[in-house]
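Peer 1: just the structure for this:
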Amino acid sequence: MSSAHDYKQLALRIRQAMEKYQFNEPLYVAEPLLQLPSYPKVEVLDDEIIIIGEDGDREIWDTEEDEIKAIAIASNLELELKAIMYVKYHLANYLSKLSRDLKEFNIVEGNIDDILYEGYKSLSNWFIELDGID
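Peer 2: Numbering: from 1, shown residues only. As a prediction, the model looks like this:
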């Protein structure tokens, strides 16, 4: 990213993704619902391990001749992909909450996207640093 315009475009895209994946959580829940999303699903067809998205798109992830091994790989892959989606949805939901909170702090609405992006960027850098530590 080389210009302020690029950062503003990225901030706008992050905001749109937040709004798209925003959850409407029940108001009166004694315990939080702990459930992975229904998609993506992974199935084995012949020797192909196929990822199926919520929109029905199918992607061949890999091939495995050993059927038992393919089923084990598919099961583990499905669990991990659903966990990634769980994290994605909940992070997007929390970003929406942060946006609402910033409005309550009387932050100028036009600056909220930039503030969220800068917070995300610093967190992203933190993850990069963690990844580099062995």
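Peer 1: what ranges do the helices span in the chain?
Peer 2: Taking DSSP state H as the test, the helices found in the chain are 4-20, 67-104, 109-132.
Peer 1: out of those, which is closest to residue 40?
Peer 2: Evaluated over the helices of the chain, closeness to residue 40 peaks at helix 67-104, with 4.8 Å, by Cβ to Cβ. Glycine gets a C-beta too; all of them are placed from N, C-alpha and C.
Peer 1: quick one: average pLDDT of that closest one?
Peer 2: Averaging pLDDT along helix 67-104 yields 93.
Peer 1: elements contacting it?
Peer 2: helix 4-20, strand 41-45, strand 48-52, helix 109-132 (3 or more Cβ pairs under 8 Å, 6 or more residues apart in numbering; DSSP states H and E).
Peer 1: any idea how far the residue minimising distance to the centre of the chain lies from residue 73?
Peer 2: When Cα atoms, centre = their mean is applied to the chain, the residue found nearest the centroid is residue 88 (2.0 Å). As judged by Cβ to Cβ, to the nearest Å, residue 88 and residue 73 stand 22 Å apart.
Peer 1: next one: residue 56
Peer 2: In terms of Cβ to Cβ, residue 56 sits 22 Å off from residue 73.
Peer 1: please say which of these two ends up with more neighbours.
Peer 2: residue 73 (17 against 7; other Cβ atoms under 10 Å).
Peer 1: spit out the contact partners of the more buried one.
Peer 2: Counting by Cβ atoms under 8 Å, 6 or more residues apart in numbering, residue 73 touches 49, 62, 64.
Peer 1: now which of these would you call buried?
Peer 2: Neighbour-count burial (16 or more other Cβ atoms under 10 Å) applied to the contacts of residue 73 gives 49, 64.
Peer 1: would JSON lines of the contacts of residue 73 with distance to residue 39 and pLDDT be doable?
Peer 2: As requested, the contacts of residue 73 are exported to JSON lines (distance: Cβ to Cβ, whole Å; pLDDT from 0 to 100):
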{"residue": "49", "distance to residue 39": "16", "pLDDT": "97"}
{"residue": "62", "distance to residue 39": "19", "pLDDT": "95"}
{"residue": "64", "distance to residue 39": "22", "pLDDT": "93"}
